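S.K.: Coordinates for the following, if possible.
(one chain, ligands or ions: 2)
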Amino acid sequence: MERREILLLLKDIGYKPRRFRLEITPEEMDYSGEYAVVGNADVLITVVRTDIGYHMKVEGEVDVRFVCSRCLEEYVRKFRFSDENILRRGAYSGGVSLKDEDVDSIYIDRDEIDVLPIIREIFISNLPINPVCSPDCKGICPVCGLKIEDEAEHRHEKVSGARKLGDFLQVALKEGGKK
Ligand SMILES: [Zn+2]
Ligand SMILES: [Zn+2]
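M.R.: Ligands and ions are numbered 1, 2, ... in the order given. Next comes the predicted model:
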């Protein structure tokens, strides 16, 4: 059965840090953006009580199917995400900055907190805007649309449609032979 919420009981947390290891399924992650979550996420939550509430650190990793922003090919890679939050007791009354230095505050009015939306938000906000399959991905050729793997061998002269197709096949064969 899928969990719709994962409650952390804060009243059990003291000044000694507590760690919780969670496995989050793609359904629970409930992400429906540009990429795809493939497999469960391993998430480690570290919580400790502080004078103003609790300090919570979330660290996770999960396989994500990205689309390379240069060559447009899909690739699956282990994606790590993390962030920290201050859980403050009492409702947010306004007037005070929500930011405590670089750490976001979450206001809590109960002895428990649902960590699933927090995990989701950290996952989404950590996703890269322009992912690349490899740092030296040369993208696709603006003439023939093929992935450029070897710039030196890949050239186009001023050519007719027929020649373009010839180049296309040549490169396709070359690429096919490599694999
Ligand atoms: Zn690429
Ligand atoms: Zn080309």
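S.K.: got a list of contacts for stretch 116-128?
M.R.: For stretch 116-128, contacts defined as Cβ atoms under 8 Å, 6 or more residues apart in numbering pick out 3-6, 22, 24, 28-31, 33, 35, 41, 43, 56, 58, 60, 62, 64, 66, 79-83, 85, 106. C-beta here means a position set from N, CA and C on the backbone, and glycine is covered the same way.
S.K.: Next: stretch 7-14.
M.R.: 18, 20, 45, 47-49, 54, 87, 108, 111-115.
S.K.: try 7 Å
M.R.: Phe20, Val47, Val48, Arg49, Tyr54, Asp111, Glu112, Ile113, Asp114, Val115 (Cβ atoms under 7 Å, 6 or more residues apart in numbering).
S.K.: Would you confirm that the third one contacts Glu84?
M.R.: Translated: Val48. No. Val48 lies out of contact with Glu84 (Cβ atoms under 7 Å); the separation is 10.9 Å.
S.K.: Please enumerate the shared neighbours of those two.
M.R.: Common neighbours of Val48 and Glu84, using Cβ under 7 Å, 6+ apart, are His55.
S.K.: quick one: which of the contacts of stretch 116-128 sit in strands?
M.R.: Using DSSP state E, the subset of these located in strands is 22, 24, 41, 43, 56, 58, 60, 62, 64, 66, 79-83, 85, 106.
S.K.: could you measure the residue nearest to Leu22 when sequence neighbours are not counted against ligand 1, distance?
M.R.: Counting by Cβ to Cβ, 6 or more residues apart in numbering, Leu22 lies nearest to Val43, which is 4.5 Å off, once chain neighbours are set aside. Using Cβ to the ion, to the nearest Å, Val43 is found at 28 Å from ligand 1.
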